[in-house]
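**Student:** Can you look at this prediction? I've put the sequence above it.
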Amino acid sequence: SLQLTPDHPVYAIRVIRPYKTWKPELVGKPEWVPAGELAKEEYWLVVPRPRKTADLELDEGYARLCGYYLADGWCQKKWNGSSTGYTVSFCLRREKYEKYGEDIRIQMKRHFGTTNGWVEDGEGKAVKLCFYSRLGYKQLTSTIGQGARNKTIPMEWITGASDESLRQVIFGMYQGDGSVPRNDRISYKTASFSMAVALRLALLRLGIIAEIATCQPRLSAIRGRVIIGSISYDVRSSGTHYDGFAAIVGHPPRVRKDGRAYWYGRMDEDYVYVPIRSISRETYVGNVYNMDVEEDHSYSHPVCTIHNCARGYILKRLQDAGIPAGGIEVSKHCDMTRAANNISTADICKVPWVLPDHHNAPMRKDTTFDIALSIAVLEHVPGDKIGAVIAEMARHCKRGLHGIDFGEHDDSFDKTHISLFPRTR
């Protein structure tokens with residue numbers, strides 16, 4: 001789930017459903033839509049599909065070993081009185097140990113030069129397989145992480161490893177924490193949110209849509225002790241994507257009693273299209289943050305793709321109401337993902353302006369409008385330029401309405417407010 005203000009841009013695509021029992025049809029191209037205008041029946045969310053953008057050599061056996069470690073492994077460093085001991089351990093269910101224990105030994109010896117290691121009986125039906133390896137300790141903790149909540153699949157693997165290497169990572173992970181809780185769903189549970197996100201991205205790159213569900217803590221008893229659980233995350237696939245996930249982890253295809261092909265979302269070469277499950281509104285009082293990153297203004301959430309807010313939505317509302325309107329914007333990135341037409345990309349400090357005409361005619365220096373509107377603009381204009389900017393507004397527009405952020409509640413965070421000065425008597 002994601003909480004947004006009503007005007008926050010979300011990348012979405014329109015859908016129509018000819019009849020309630022038919023598959024929805026995607027209409028047009030993805031566009032930036034204010035969150036407040038989204039409707040469950042009219043839009044699906046759009047997320048860029050991860051692509052292979054580099055060539056990373058990742059040995060398939062090592063990838064599978066890392067999968068085992070992601071699910072059931074941990075590293076320890078302990079001082080024994082004379083030296084520091086580095087261990088890499090795996091805790092497997094007994095039936096999994098009998099099936100994959102030898103593979104772990106082979107890969108540990110092959111990549112870290114370890115001996116056969118030793119086995120300790122774990123609690124209940126578990127088997128603990130341990131190795132002394134300083135190299136393994138350092139490589140695994142630095143690459144994948146340490147601790148159930150901190151381990152994850154490196155992003156470089158998702159964007160650079162071969163498809164088969166990614167499949168081997170997922171295969172190893174599934175042998176520890178994967179399951180098929182019911183016939184129409186295949187699942188992987190983890191305590192690490194970053195791992196859940198990374199696994200979903202890896203599956204998307206392989207053409208498999210998965211969702212992330214949050215599982216609330218539960219109470220359990222182990223040998224008479226009451227254990228309070230923690231939040232976990234369930235990465236799961238169903239519908240037509242069940243078989244793709246199952247093929248990777250060695251599980252048989254799903255049995256469809258009715259012969260129908262179920263589906264959840266769509267995918268093409270560039271995007272993943274996901275239906276909106278629900279939309280709710282609530283009253284909120286507090287700070288609202290608009291994130292921004294250098295050279296780009298959009299970012300992907302595990303649920304959807306969102307953008308910062310300077311995209312010309314006031315212009316869009318005016319144009320949708322049939323009111324001729326145009327704008328000027330300094331950021332090329334904002335222009336590339338603008339929500340409205342008739343926007344000129346230029347610096348308002350450089351005069352004279354060349355503005356778009358009312359009706360998409362060629363831009364001219366003598367275009368005139370009824371009113372000049374700006375919000376949180378003038379405080380960013382250098383003091384020696386404000387006079388020329390206002391004069392240019394007066395040349396193009398009959399009147400003006402301007403909103404200025406005086407920074408009373410921003411703790412002087414925005415250093416680009418260069419035209420705000422202390423009030424003098």
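**Tutor:** Happy to help now that I have it.
**Student:** So M108 is in contact with T87, correct?
**Tutor:** No. Using C-beta atoms under 8 Å, M108 is not in contact with T87, being 11.4 Å away. For the C-beta atoms, the positions are set from N, CA and C on the backbone; glycine is no exception.
**Student:** so where's the longest helix in this protein?
**Tutor:** Counting residues, the longest helix found in the chain (DSSP state H) is helix 94-112.
**Student:** Identify the neighbouring strands of the helix or strand that comes right after that one in the sheet and state each direction.
**Tutor:** As assigned by DSSP states H and E, the chain's next helix or strand after helix 94-112 is strand 118-121. Listed by DSSP bridges, the sheet partners of strand 118-121 and their directions read strand 126-132 (antiparallel).
**Student:** Would you mind pulling the contact partners of the partner strand?
**Tutor:** 85-94, 97, 101, 104-105, 108, 112, 114-115, 117-122 (C-beta atoms under 8 Å, 6 or more residues apart in numbering).
**Student:** Apply the buried test to those residues and list what passes.
**Tutor:** Buried members of the contacts of strand 126-132, counted by 16 or more other C-beta atoms under 10 Å: 86-93, 97, 101, 104-105, 108, 112, 114, 117, 122.
**Student:** which residues do M108 and T87 both contact?
**Tutor:** Common neighbours of M108 and T87 (C-beta under 8 Å, 6+ apart) are F131, S133.
**Student:** Strands of the stretch 51-200 of the chain, start to end?
**Tutor:** Assigned by DSSP state E, counting those that start in this stretch, the stretch 51-200 of the chain shows strands spanning 73-79, 84-93, 118-121, 126-132, 178-182, 185-190.
**Student:** I'd like these written out as JSON lines, with mean pLDDT added.
**Tutor:** Shown next, in JSON lines, are these (pLDDT from 0 to 100):
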{"stretch": "strand 73-79", "mean pLDDT": "88"}
{"stretch": "strand 84-93", "mean pLDDT": "90"}
{"stretch": "strand 118-121", "mean pLDDT": "82"}
{"stretch": "strand 126-132", "mean pLDDT": "91"}
{"stretch": "strand 178-182", "mean pLDDT": "82"}
{"stretch": "strand 185-190", "mean pLDDT": "91"}
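**Student:** what would those look like in a markdown table with distance to T143?
**Tutor:** Formatted as a markdown table, the strands of the stretch 51-200 of the chain follow (distance: least, C-beta to C-beta, whole Å):
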| stretch | distance to T143 |
| --- | --- |
| strand 73-79 | 11 |
| strand 84-93 | 13 |
| strand 118-121 | 24 |
| strand 126-132 | 17 |
| strand 178-182 | 22 |
| strand 185-190 | 17 |
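**Student:** Local confidence estimate at the nearest residue to I144 once chain neighbours are set aside?
**Tutor:** Distances taken as C-beta to C-beta, 6 or more residues apart in numbering place K151 nearest to I144, at 5.4 Å, with adjacent residues excluded. K151 carries a pLDDT score of 93 in this model.
**Student:** same question, the one 3 residues further on
**Tutor:** In this prediction, P154 carries a pLDDT score of 93.
**Student:** hang on, isn't it packed against G145?
**Tutor:** No. The criterion here is C-beta under 8 Å, and P154 misses it with G145 at 9.2 Å.
**Student:** neighbour-wise, which of the two wins?
**Tutor:** Neighbour count, other C-beta atoms under 10 Å: between P154 and G145, G145 has more, with 20 against 17.
**Student:** distance of the closest residue to the more buried one other than its chain neighbours from C75?
**Tutor:** Among residues not flanking G145 along the chain, K151 sits closest, at 4.2 Å (C-beta to C-beta, 6+ apart). Distance check for K151 against C75: by C-beta to C-beta, to the nearest Å, it reads 10 Å.
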